[in-house]
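Q: Kindly return the folded structure for what I paste below:
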Amino acid sequence: MTERREVWITGVGLLTCLGEGLEATWGHLERGDPPVYNDKTFAPYVVHSLGPVNYDKQIPKRSDQRQMEAWQRAGVYAAGLALADAGIAGKADLLDQTDMIVAASGGERDVEVDSAILAGVRALAKSGPFINERLMNDLRPTLFLAQLPNLLAGNISLIHGVVGSSRTILGEESAGVDAVAMAQARIAAGQSELTLVGGAYNAARWDVLLIFELSGMAMKGKFAPVWDRGKEGGIAFGSMGAFLVLESREHAQARLATPRARISAVCSDRSRRRTPGEIEAMLRRQWEKIAPQLDRSRAGIISGATGIEPATSAELTVLKETGLPVRNTGTYIGHGVDAQFVANISIASAAIGHGKLFAPAGSGDVGESPTSLSQVVVTGVGNWRGEGLALIEQVD
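A: This is a model prediction of the structure:
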């Protein structure tokens, strides 16, 4: 059996409500500044919207920007930041061999059409024929094709010149976990040398809030930290773009690239969640795979808990059992669904670079940060399905 190779993070691109670039988000978290959220525009729902972004810096053609939806612009922008951070932006010889794995949701819906259909349904005893007729006549023929998340990968390829193999994964939080797992596994096995992996999400959308409100998941009313949202819970969604450049150690060293961290392990699985305790059992099984590699005196946890119940309480139960210090990012940047896991790995790489965890926020953020942090376990527990862990480590 061939020895598995080290997988380095050599580039990070992050765009959140806290600002552009990894250090902008890290600085806010490190200082423990108040969370940035919007409880007015989409009241009674709370969202973490992006601030003003000069997309010209990564998407120079205005015509390209106009044909993209907001989540695509955020993704393309973050991908450009990651490529620049890795030192491969504009280098055709490297971009030619850069593979790409994108985790993304579907595109934005026509809110006016959806609203008209929902209003019409209320007055009907039989809604089926009405819905079919409206969907056939009101949706533009090109709408579905224009919303395919493959367009994010396509736009990254066209604008930034990434022309290796390309994969797109859908499936909410699990998509982000599986995208990183696949990228890490391919590089470790020698099937890829250089991979751009990440995703994007736009939370400032009525159609998104409607979908999650119908399932009772959207956070409403007064803002509270993720851990402190009570028995009903609720998700405050966050707009973001998050991409990583992953690279084999040998390839990075050959081009004198400086690593931010390495991804030593990724666990991804899905419990049925039909009976109490299944989430906890799955996380414990995953933890057992990672625990032997931990130096407990120098390790911490960055959680991607959503705020929805019972998943949030189940995750916190297991995290407390580990005895390691815990921090959650959702209180600050919101929940970016497909992009959240990648965003949290990005923040974990910053924590390792600074040798410490960021300031606590909420009752579940427990424990003092190690004085010389060198390992971070990142969690990704889905709002409805999917559980994942990743071990991010300092490069020796």
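Q: doesn't L319 make contact with R284?
A: No: assessed by Cβ atoms under 8 Å, R284 is found out of contact with L319, at 10.8 Å. (C-beta placed from N, C-alpha, C; glycine too.)
Q: Please say which of these two ends up with more neighbours.
A: L319 (23 against 15; other Cβ atoms under 10 Å).
Q: Which residue, other than its chain neighbours, is closest to the more buried one?
A: V326 (5.0 Å; Cβ to Cβ, 6 or more residues apart in numbering).
Q: and that neighbour, how many neighbours does it have?
A: By the criterion of other Cβ under 10 Å, V326 has 25 neighbours.
Q: Just list whatever residues bridge to it.
A: Assessed by DSSP bridges, V326 has beta-bridge partners I301.
Q: What pLDDT does the model give it?
A: We have a pLDDT of 98 for V326.
Q: for S115, same thing?
A: pLDDT, S115: 78.
Q: helix, strand or coil for it?
A: helix (DSSP: H, G, I helix; E, B strand; the rest coil).
Q: Tell me where the model's unsure across the stretch 201-350 of the chain.
A: Of all residues in the stretch 201-350 of the chain, none has pLDDT under 70.
Q: Strands of that one, start to end?
A: Along the stretch 201-350 of the chain, counting by DSSP state E, counting those that start in this stretch, strands occupy 237-238, 240-248, 261-269, 299-303, 326-328.
Q: Now the residue lying farthest from the centre of the chain, what are its backbone angles?
A: What lies farthest from the middle of the chain is A125; by Cα atoms, centre = their mean that is 41.1 Å. Note on A125: its backbone torsions stand at phi -80, psi -40 [degrees, to the nearest 10].
Q: likewise L15?
A: Torsion angles, degrees, to the nearest 10, at L15: phi -130, psi 120.
Q: any idea how far L22 is from the closest residue to it other than its chain neighbours?
A: Spatial nearest neighbour of L15, chain neighbours left out: G241 (4.2 Å); criterion: Cβ to Cβ, 6+ apart. The spacing between G241 and L22, counted by Cβ to Cβ, to the nearest Å, is 12 Å.
Q: More neighbours: these two, which one.
A: G241 (35 against 25).
Q: Let me know whether the more buried one touches A200 as I believe.
A: Yes: with contact defined as Cβ under 8 Å, G241 reaches A200; the gap is 4.2 Å.
Q: Touching both of the two, which residues are there?
A: Taking Cβ atoms under 8 Å, 6 or more residues apart in numbering as the criterion, G241 and A200 both touch W71, A74, G75, A78, A339.
Q: with these in mind, which one is nearest to E173?
A: Checking the shared contacts of G241 and A200 against E173 by Cβ to Cβ gives A339 as the nearest, at 9.5 Å.
Q: rewinding a little: need the overlap of contacts for G241 and L22.
A: G13, L14.
Q: correct me, but L294 touches Q375?
A: Yes: judged on Cβ under 8 Å, L294 makes contact with Q375 at a distance of 6.0 Å.
Q: out of these two, which sits in the more crowded spot?
A: Taking other Cβ under 10 Å, L294 and Q375 do not tie; Q375 has more neighbours (25 against 16).
Q: and that one, what pLDDT?
A: Note for Q375: predicted pLDDT of 98.
Q: now the one 3 residues further on
A: On pLDDT, V378 comes in at 98.
Q: Downstream of the helix or strand where it lies, the next helix or strand is which one?
A: If you go by DSSP states H and E, V378 is part of strand 375-381. With elements assigned by DSSP H and E, the helix or strand that comes after strand 375-381 is strand 387-393.
Q: Show me what that following strand is packed up against.
A: helix 172-188, strand 261-269, helix 278-290, helix 340-354, strand 375-381 (3 or more Cβ pairs under 8 Å, 6 or more residues apart in numbering; DSSP states H and E).
Q: Could I have the CA atoms of the third one written out in CSV?
A: Yep, that's helix 278-290 we're talking about. Provided in CSV are the C-alpha atoms of helix 278-290 (Å, rounded to 0.1, in the frame of the first residue of the first chain):
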residue,chain,number,x,y,z
GLU,A,278,-28.2,9.0,17.1
ILE,A,279,-26.4,12.3,16.4
GLU,A,280,-24.3,11.8,19.6
ALA,A,281,-23.5,8.3,18.7
MET,A,282,-22.3,9.3,15.2
LEU,A,283,-20.1,12.1,16.5
ARG,A,284,-18.6,9.8,19.1
ARG,A,285,-17.6,7.3,16.5
GLN,A,286,-16.0,10.0,14.4
TRP,A,287,-14.3,11.4,17.4
GLU,A,288,-12.7,8.0,18.1
LYS,A,289,-11.0,8.1,14.7
ILE,A,290,-9.4,11.5,15.4
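Q: Give me the distance from that helix to the chain's centre.
A: 21 Å (Cα atoms, centre = their mean, to the nearest Å).
Q: Check which residues of that helix are buried.
A: E278, I279, E280, M282, L283, Q286, W287, I290 (16 or more other Cβ atoms under 10 Å).
Q: circling back: nearest to T312 among the helices and strands packed on strand 387-393 would be which one?
A: With Cβ to Cβ as the criterion, T312 lies closest to strand 375-381 of the helices and strands packed on strand 387-393, at 7.8 Å.
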